[in-house]
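Novice: give me a 3D structure for the following:
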Amino acid sequence: MSQQDLIAAIVKEVLSELNGGKASQPASTANGRSLHYQTDYPLSQKRRELVKTATGKSLDDITLDAIMSGAVQAEEIRITPQTLEYQAQIAESIKRPQLARNMRRAGELTRVPDDRVLAMYNALRPNRSSKAELLAIADELEKEYDAKVCANFVREAAGVYEARDVLKKD
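Specialist: Numbering: from 1, shown residues only. Below you'll find the predicted structure:
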């Protein structure tokens, strides 16, 4: 086994553990292949047809006139989980697994209301939350928003905060 194959196997195992023991299965394009930076990046130029709003509008539908007339709503100019998955695939094609993992976590967070994301962010600051509060956030992410990778990230943070003694003092 080459060093590159070994690294790929380790990354796959780590991602599997972060994903609750299930191997991550990235979504592919309509032709069944993953995206690659040489042929697909930047998406807005090379693969415009893939970039859609949550309601299915294309990039060409997002114009100043459409926004001003109300044909395009503010929530439609937000990035979608699918676009973030495409960006993750591109990151993997240039051997950036950490960036790909961050894109997938961001995709999960698109299901969480903005005000709740900000509250969770503040709760994750050192000395702001107890271990129980952080574990409750992890459970909420997993159960209410199906954000398993993010939930595991918060659980890991709770353990690290405990080890570094930066949990909220009661």
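Novice: now the end-to-end length of stretch 50-64.
Specialist: 21 Å (Cα to Cα, to the nearest Å).
Novice: who's in contact with that stretch?
Specialist: Residues outside stretch 50-64 that contact it (Cβ atoms under 8 Å, 6 or more residues apart in numbering): 29, 43-44, 48-49, 71-72, 75-78, 80, 82-83, 86. Any C-beta I mention is one placed from the backbone N, CA and C, and that applies to glycine too.
Novice: please identify the buried residues of that stretch?
Specialist: Applying a neighbour-count criterion of 16 or more other Cβ atoms under 10 Å, one finds 50-53, 57 buried in stretch 50-64.
Novice: so how far is that stretch from its chain's centroid?
Specialist: Taking Cα atoms, centre = their mean, to the nearest Å, one finds the center of stretch 50-64 at 20 Å from the center of the full chain.
Novice: I'd like the next helix or strand past the helix or strand of the chain with the lowest mean pLDDT.
Specialist: Least confident element among the helices and strands of the chain, by mean pLDDT, DSSP states H and E: helix 3-18 (a mean of 53). Counting by DSSP states H and E, the next helix or strand C-terminal to helix 3-18 is helix 37-40.
Novice: which ones are touching Tyr37?
Specialist: By Cβ under 8 Å, 6+ apart, the contact list for Tyr37 reads 90, 93-94.
Novice: now the buried members of those residues.
Specialist: Here, 16+ other Cβ under 10 Å leaves 90, 93 buried among the contacts of Tyr37.
Novice: can you put the contacts of Tyr37 in a markdown table and add pLDDT?
Specialist: Listed next are the contacts of Tyr37 as a markdown table, based on pLDDT from 0 to 100:
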| residue | pLDDT |
| --- | --- |
| Ile90 | 95 |
| Ser93 | 94 |
| Ile94 | 94 |
